[in-house]
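Undergrad: Everything below, folded, please.
(one chain, ligands or ions: 1)
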Amino acid sequence: MKAVLIPGDGIGPEIAQSVESITKAMNLDIEWEKYRAGAEYAKETGEVFEPGLVEAIEKYQWALKGPTATPIGTGFRSVNVALRQKFETYANVRPIRSFQGIDSKYENIDLVIIRENTEDLYKGIEYMLNKDIANGVKLITREASERICRYAFEYAKINNRHKVTAVHKANIMKYTDGLFLEAFRDVAKCYPEIEAQEVIVDNMCMQLVLRPETFDVLVAPNLYGDIVSDLCAGLVGGLGFAPSGNIGDQYRIYEAVHGSAPDIAGQNIANPSALLLAFALMLEDMGKQQSAQTLREALSKVVAKQEVITPDIGGHATTTEFVQAIIDEL
Ligand code: NAI
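TA: Here you go, the predicted structure:
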């Protein structure tokens, strides 16, 4: 089957190469069609996406994306936000698991964050009221809130999880977060077998740092979901091992949670683990559970051995050597 690969900016092409090497080594029946997107492509051409990219995702429905750089404050809109909105990948799913061999605050963490991906402050409705006052719109709809909450409860049901926690600030934002919470309560009624819990976002951050093991599936509007997921990645040792899936009814775009790491780009020392784990998520959703598990196990073994690992996790290996070690374990 065919799928789209977007290498992206900075370390993106180096870690995307790892995915291609693993696909070949595992003899997977996935043929990657590569397209450029992001800041470097925009600098060269004035366009954010290479022609044909959008059509290819429409055709193949599966895509794996490397990090793309976004200028802060000015310039073009984020490629990620544009893709999520274009393909209605309304659920950002981020599993957070401890990884053996990675120095982290906690062991045995296994929770999943399900973040609404299409609206809230990230809708990009912002403007200058005058040169000294900027205004941004927090857009929350019942439809999108119910859709993401239903996704979270269905996810819990299918994956044998027992609790869904809504993250909100409805005590202050009574209309927007209030609506999200109302949708959560309505949807929760249809899943009496799953515990429904509500936690205010600031308290949620503290509880996650103190007692992460008490949470199972979290569901949140876009902004809180973004922040809380990086906090959770920190609980298990940082962004180096954090994958995510952007899931819609028709299209699915998987990516590493980290950015384009311009400080180490082009040096062949980037850690490709997060993108490989995103690839494993994709394989799982494609119904290739065994391949996903094989890839995860091989990666885990290499990291746990601590012999051939990249500098960000305390080693001296290059990206190429690290990937070769994974291939040797497969
Ligand atoms: P970043 O995640 O790129 O880098 C933060 C730090 O982590 C850096 O020291 C970097 O070297 C290190 N790092 C990140 N990934 C690594 C990897 N795989 N292996 C080894 N070290 C790694 O975050 P930053 O610097 O805030 O953002 C850089 C650019 O990436 C920005 O333009 C930002 O907009 C973009 N970005 C893109 C994302 C995406 O496409 N999904 C997500 C986050 C940021």
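
Undergrad: now the spatially most central residue of the chain: how far from residue 196?
TA: For the chain, the residue nearest the mean C-alpha position is residue 244 (2.5 Å; CA atoms, centre = their mean). Distance of residue 244 to residue 196, computed by CB to CB, to the nearest Å: 24 Å. (Each C-beta comes from the backbone N, C-alpha and C, glycine too.)

Undergrad: Can you name the residues that contact the residue nearest to residue 196 when sequence neighbours are not counted?
TA: Spatial nearest neighbour of residue 196, chain neighbours left out: residue 188 (3.7 Å); criterion: CB to CB, 6 or more residues apart in numbering. Contact analysis of residue 188 by CB atoms under 8 Å, 6 or more residues apart in numbering lists 149, 153, 164, 194, 196.

Undergrad: if you set the cut-off to 10 Å instead, what comes out?
TA: Residues near residue 188 by CB atoms under 10 Å, 6 or more residues apart in numbering: 149-150, 152-153, 164, 166, 194-198.

Undergrad: Could you do residue 202 as well?
TA: By CB under 10 Å, 6+ apart, the neighbours of residue 202 are 169, 172, 224.

Undergrad: Residue 282 now?
TA: Residue 282 touches 3, 19, 30, 62-64, 243, 245, 252-255, 288, 292, counting by CB under 10 Å, 6+ apart.

Undergrad: For residue 218, see how far away the closest residue to the ligand within the stretch 151-300 of the chain is.
TA: Residue nearest to the ligand within the stretch 151-300 of the chain: residue 259 (2.4 Å; CB to the nearest ligand atom). Computed as CB to CB, the residue 259 to residue 218 distance reads 22 Å.

Undergrad: Which one's more surrounded, these two?
TA: residue 218 (27 against 16; other CB atoms under 10 Å).

Undergrad: in terms of contact, does that one touch residue 232 like I think?
TA: Yes - applying CB atoms under 10 Å, one finds residue 218 in contact with residue 232, separated by 8.2 Å.

Undergrad: okay, and the common contacts of those two?
TA: Going by CB under 10 Å, 6+ apart, residues that sit against residue 218 and also against residue 232 are 94, 96, 111-113, 208.
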